[in-house]
Structure formats: C-alpha cells, structure tokens
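[1] just a sequence and a predicted model for now, questions to come.
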Amino acid sequence: MKVELLIFCFIFLFTAAPLIGTATARLSAAARRNLEVKRHLSRLNKPSLKSIKSPDGDVIDCVHMSHQAAFDHPHFKNHTIQMRPSYHPEGLFGQNEKVSKNEIGPKPITQMWHVNGRCPEGTIPVRRTRKSDIFRASSINKYGKKNKKSLPRPPTSAAPEPDLINQNGHQHAIAYVEGDQYYGAKATINVWDPKIQQPNEFSLSQLWILGGSFASDLNSIEAGWQVSPDLYGDNNTRLFTYWTSDAYQATGCYNLLCSGFIQISNEIAMGASIFPISSYHSSQYDISILIWKDPKEGNWWMQFGNDYVLGYWPAFLFSYLSDSASMIEWGGEVVNSESDGEHTTTQMGSGHFPDEGFGKASYIRNIQVVDESNNLRAPKDIDVFTEQSSCYDVRLGKNGEWGNFFYYGGPGRNPNCQ
C-alpha cells in the first residue's frame, strides 16, 4: 500500500509540476504588469494641492506647475518655464491687451469639471489617469499614443499608397495648405458628440501643424476635440492635444501623458470634457484654437478661445518645426476597423454630410495661418482631401463673417459606403 501511495504521489507531482509552474509564471506576469502599471500611474498622477470631482466621473488634480509630468524628462531639468509668450500673432502682448487673469471678466463654463471648482493660481489642472485607462492600451508604451499611420496624406504632398484606406484603417475629410512657410494656424471648430461603433475606434476634429516628410521624420503639433472610448473609457467629447517629432513612432503623446507640452494655465484641463455640445437642427457650439510660434523664444504656443493661453511645446522637441511648418491641415479623422467586414458606422463631425449645411453638418470656420511677419491671414490655395467621399466628405466655402470655412463629415457606413 505504501509503495502504491508513493507511486501515486510521484505521478501527481510529475504531472502537476508543469501546471503549477505555468500558473506561477502567469501569476508573476500579471504581478509584473500590475507593478509596471502602478509605477506608470505614479509618474503620471503627481501629488496635488487640490482635487475636483467632475460630474462626468473624471477627477481633476490641481498639480503645482513645476511638478507636471513634462519635467520628468532629462531635457527639461534646467528648463525655465516661460510664463507668457513674447509675441502674439495679433500683435505684441501689451498693457492694454487682456492677457492676465485680473484683466479678464467672467468666463463661460467651457469644461464640465468647472461646475465643481477651479484650480488655484500656480497649479495646473491634470485629468487623473486610472489603472483601467492604461489596461485598455495594448501596452504601457502605447498608452496615450496615436497609430503611426493616422496622418491624412493628401496626394499632392506625396503619392498615395495603393490601398491607403485598408492599410491604415484611418479616414479623413480635411482642408489643407502647403508650399509656403507657416508659423501657426487658427480655426473655430464646431463641437459634436459623434457615435462610435467599436471601443477601439475614435472620431476627432482638429488642426495639424506639420513639418518634414510623411515617412519617418514627420513633425506634428495637433489640437482639437475627440471622442475616444479606448483612451478615456467613455464617449464624452474632450479637448485634446498631440505632438510627435518622428511620424508617431517613438516620440509624443496625447495631452500631458508624456514629457512634451508645458502647461501654464490653471483654467483648462487637457483631455477633459467640453461643455456644452451642439445638437442636430438646434443650438450650435464651437471652440477656437490658435497655435503659433513665438518668434523670440521659438516655442510653439496654444491658445483656447480668446482668453486661455494654455502653454507651449518647447522648440527643442522638434527638428523641422524648430524653424517653421510646411503644411497646415484642418478637419476630421476616424478609425475604420471594419470589425464585421463592413465599413464602420463611426460618425465624423455631426454624422451628417456637408451638403446639409449649418445646424446639421459640422463646420470649421475662420481658418487662418500665421505668416513670417507673425500676422494672422487668410490661407491661399486651400485644397481638400478625403479617402472615400461616399463615407465622409468635405466642402469649402467663403463669406464675410466666417472667412474661409468648410463643412465636413459623414455617417460612415451607408448604402453608398460599404
């Protein structure tokens, strides 16, 4: 009996050992990932002086300006924060211009978290990153980063790839200018809440400041609004920024999710929900975004609306954009994952085609560029581009009140877009 028991124990240990080893390996892999996520969260979520719970579920941390994530990078070790731009495209900041908080009157609510409070002077509002946000990404390294093939690539700037739509899964409807030196751009962008079919898809409207080639060395600064369930865990319309200096390969990120953009404003949180939102055949809302290069310091500044100078991207982040941009784009972008073998139903803009016009189709108006004299002016020779106009389209216009503008967007899958 003892012999049989010994044999049984031996067989059990022999057969169970690999299973135990595999389970232990899995457990240790999960533990390692949890530890890595925890470390990454500690890098992103800095100690705050105050925290504000937003009605949409976000937590906004008021972090001391000098403790923001940008300063984790060695290149920023001795960086002195530039507290205001030396020059503004509409002229030098002077005593008579509304550039300080004390000189500006009451502001409308522009982000949902404002309902429950504001961040004090000397701090910046940072949307708190959750563990679940990082776990939705395919890896920690890819969290907060765009697909490297997400850029709209008009055929005039480079020959289009043979099967552009299916190769990268991103589609666009944009207006653009190229062939000159650009030192910034401005636009007023209609704000909507497009419907997203799959959590790994997104819909956005933005402007792009571009320099370099569309291969491996592209420099890009971007800002606008987006709906991205994968990045934020919901379908809210949110303000965002992005930058890259190597065509989305290794550098850059959304908002404040890596070292790069230096924020100085305590009013606006990158990645936070925009409020209110336009409704079909009803009230329309839009946001104004200006990005320009400070001719003295060389940094690229961002302004939101007429009152909020948010911060800047230091010039040393870029190669081509350290001088000027060679192309400006405005418009919409969606991800088309074709998960069911058909075109996505993810909407761009309002989800309606440009020919429906105001109150129904999404618009971008008063599009301007900043010239070498640091003046805002109307762009010359505007062109348009879309990969598949039966899914998402774009239509230019011009009038006295809106200047150069266009309607854009669409519903995605429809009888003419399969």
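    Done, it's in.

[2] does His40 belong to a helix, a strand or coil?
    Of the three states, His40 takes helix under DSSP: H, G, I helix; E, B strand; the rest coil.

[3] now stretch 79-88: buried residues?
    Going by neighbour count (16 or more other C-beta atoms under 10 Å), the buried part of stretch 79-88 is 82, 85, 87-88. Every residue, glycine included, has its C-beta placed from N, CA and C.

[4] likewise for stretch 281-300?
    284, 286-287, 289-294, 298-300.

[5] let me see the mean pLDDT of the strand or helix carrying Asp230.
    Secondary structure assignment for Asp230, by DSSP states H and E: helix 229-232. For helix 229-232, mean pLDDT rounds to 96.

[6] next: stretch 398-407.
    Stretch 398-407 carries an average pLDDT of 96.

[7] stretch 270-290 now?
    pLDDT averaged over stretch 270-290 gives 95.

[8] hmm, back to that, off-centre distance for the helix holding Asp230?
    Helix 229-232 sits 11 Å away from the centroid of its parent chain (C-alpha atoms, centre = their mean, to the nearest Å).

[9] show me the strands in the stretch 201-350 of the chain, by range?
    For the stretch 201-350 of the chain, strands defined by DSSP state E, counting those that start in this stretch occupy the ranges 203-211, 219-227, 238-244, 253-254, 262-263, 286-293, 300-304, 308-313, 325-335.

[10] need these in JSON lines (columns: distance to Val177).
    Listed next are those as JSON lines, based on distance: least, C-beta to C-beta, whole Å:
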{"stretch": "strand 203-211", "distance to Val177": "11"}
{"stretch": "strand 219-227", "distance to Val177": "15"}
{"stretch": "strand 238-244", "distance to Val177": "20"}
{"stretch": "strand 253-254", "distance to Val177": "25"}
{"stretch": "strand 262-263", "distance to Val177": "28"}
{"stretch": "strand 286-293", "distance to Val177": "14"}
{"stretch": "strand 300-304", "distance to Val177": "18"}
{"stretch": "strand 308-313", "distance to Val177": "21"}
{"stretch": "strand 325-335", "distance to Val177": "5"}
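
[11] can you tell me which residues contact Tyr246?
    Careful, residue 246 is Asp and not Tyr. 216-218, 252 (C-beta atoms under 8 Å, 6 or more residues apart in numbering).

[12] actually Ile81, not the one I wrote
    Counting by C-beta under 8 Å, 6+ apart, Ile81 touches 65-66, 262, 264.

[13] ok, Cys417 next?
    Here Cys417 is in contact with 343, 388, 390-391, 410-411 (C-beta under 8 Å, 6+ apart).

[14] just the buried ones from those?
    By neighbour count, with 16+ other C-beta under 10 Å, the contacts of Cys417 hold 343, 388, 391, 410-411 as buried.

[15] adding distance to Gly351, pLDDT and secondary structure, write those residues out as JSON lines.
    What follows is these, written out as JSON lines (distance: C-beta to C-beta, whole Å; pLDDT from 0 to 100; DSSP: H, G, I helix; E, B strand; the rest coil):
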{"residue": "His343", "distance to Gly351": "14", "pLDDT": "96", "secondary structure": "coil"}
{"residue": "Gln388", "distance to Gly351": "16", "pLDDT": "95", "secondary structure": "coil"}
{"residue": "Cys391", "distance to Gly351": "11", "pLDDT": "97", "secondary structure": "coil"}
{"residue": "Gly410", "distance to Gly351": "7", "pLDDT": "98", "secondary structure": "strand"}
{"residue": "Pro411", "distance to Gly351": "5", "pLDDT": "98", "secondary structure": "coil"}
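
[16] farthest-apart pair in those, please.
    Gln388 and Pro411 (12.2 Å; C-beta to C-beta).

[17] can you tell me which of the buried ones among the contacts of Cys417 is nearest Ala70?
    If you rank the buried ones among the contacts of Cys417 by distance to Ala70 using C-beta to C-beta, Gly410 comes first, at 36.9 Å.

[18] that closest one touches Thr346, doesn't it?
    No. Between Gly410 and Thr346 there is no contact under C-beta atoms under 8 Å: 10.2 Å.

[19] endpoints of stretch 129-143, how far apart?
    11 Å (C-alpha to C-alpha, to the nearest Å).

[20] in it, what's buried?
    Those would be 129-130, 133-134, 143, for stretch 129-143 by 16+ other C-beta under 10 Å.

[21] rounded mean pLDDT for that stretch, please.
    92.

[22] kindly report the same for stretch 255-264.
    For stretch 255-264, the mean pLDDT works out to 95.

[23] give me the neighbour count for Gly260.
    Burial of Gly260 is recorded as 24 neighbouring residues (other C-beta atoms under 10 Å).

[24] skip the chain neighbours and tell me the closest residue to it.
    Take Gly260 and drop its neighbours on the chain: the residue closest to it by C-beta to C-beta, 6 or more residues apart in numbering is Trp243, 5.4 Å away.
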